[in-house]
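In: Sequence first, predicted coordinates after that:
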Amino acid sequence: MSQQLSSALLRTCARQQLPTTVVARSAIAASTANAQQQRGVANASKFESPFASSDDPTATLKIPNFKKYMSKSSPTTNKVFSYFVAGTMGLGSAVGAKATVQDFLVNMSASADVLAQAKVEIALGSIPEGKNVIIKWRGKPVFIRHRTADEIKEANEIDWKTLRDPQPDEDRVQKPEWLVMLGVCTHLGCVPIGEAGDFGGWFCPCHGSHYDISGRIRKGPAPLNLEVPAYQFPDDDTLVIG
Ligand code: FES
């Protein structure tokens, strides 16, 4: 009796569960089909990466495919284009660098008026013997004395070692008859007067300094001889100072 009751109950349960299982299977099948359909749509619009694995499932080395990025032109055309671009950029850079350096040098170099004052040329034929000439060079007076034979002799007779600023006459001139000096007193910068003073040379009235016929300090507060600038004689009749 109880066995029959159990069987009946099992059959009833089986009868009641059968439609549920079928419906569930149908729903699963529909869901799977739907998912497969969606996956198919996704696959259709998927981006093909160049880093995708190769078709060979056993391959371990994966090489990206860059074919779609490669130029369609020939290698020669590509080289010509590359050389042209590199050459043009190099040329542009060189022109820019040249202009920059040139502007810098032009800025740093002396102006025309400064260059004009850098050197002064004097025609010596216009200065008679025994006379002084004063010219302006770099904003300073320059004394040029055409000395006589007696003046040269006087300048050399002095015992120069006893002077305040010991210097022989021969060290102060390139040609004995031409004495060239800056006309600036070595005391405080006044301009001495020529053919004056106790020694027949120059006299500075500011504080009473006396210079001899070689421009050496002999008396007064000035500590040094008159300065000799750089000069040269390009020929017998020309003096260039500077
Ligand atoms: S400046 Fe010439 S003696 Fe003083």
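Out: Great, that's in hand.
In: Now for the residue lying closest to residue 227 once chain neighbours are set aside, how many residues are close by?
Out: Distances taken as CB to CB, 6 or more residues apart in numbering place residue 182 nearest to residue 227, at 4.5 Å, with adjacent residues excluded. Just so you know, the C-beta spots here come from the backbone N, C-alpha and C atoms, and that holds for glycine as well. Using other CB atoms under 10 Å, residue 182 is surrounded by 19 other residues.
In: if I pick residue 182, what's in contact with it?
Out: Going by CB atoms under 8 Å, 6 or more residues apart in numbering, residue 182 touches 140, 141, 142, 143, 226, 227, 228, 229.
In: The residues you listed: which two are farthest apart?
Out: The distance between the two most remote of the contacts of residue 182 (CB to CB) is 13.8 Å, for 141 and 228.
In: so residue 118 touches residue 230, yeah?
Out: No. The pair residue 118 / residue 230 is not scored as a contact, 10.8 Å apart, by CB atoms under 8 Å.
In: Helix, strand or coil: sort out residue 92 for me.
Out: Counting by DSSP: H, G, I helix; E, B strand; the rest coil, the backbone at residue 92 sits in helix.
In: mind checking pLDDT for it?
Out: Residue 92 is assigned 97 on the pLDDT scale.
In: how far away is it from the ligand?
Out: In this view, residue 92 and the ligand are 60 Å apart by CB to the nearest ligand atom, to the nearest Å.
In: Residue numbers of the protein in contact with the ligand?
Out: The interface of the chain toward the ligand, taken as CB under 6 Å from any ligand atom, is made up of 185, 187, 188, 189, 190, 204, 206, 207, 209, 220, 221, 222.
In: dump the residue contacts of residue 147.
Out: Applying CB under 8 Å, 6+ apart, the residues contacting residue 147 are 129, 130, 155, 176, 177, 178, 179, 213.
In: Could you rerun that using 6 Å?
Out: Residues counted as contacts of residue 147 (CB atoms under 6 Å, 6 or more residues apart in numbering) are 177, 179.
In: and what of residue 206?
Out: residue 190.
In: Any figure for the gap between it and residue 218?
Out: Distance of residue 206 to residue 218, computed by CB to CB, to the nearest Å: 16 Å.
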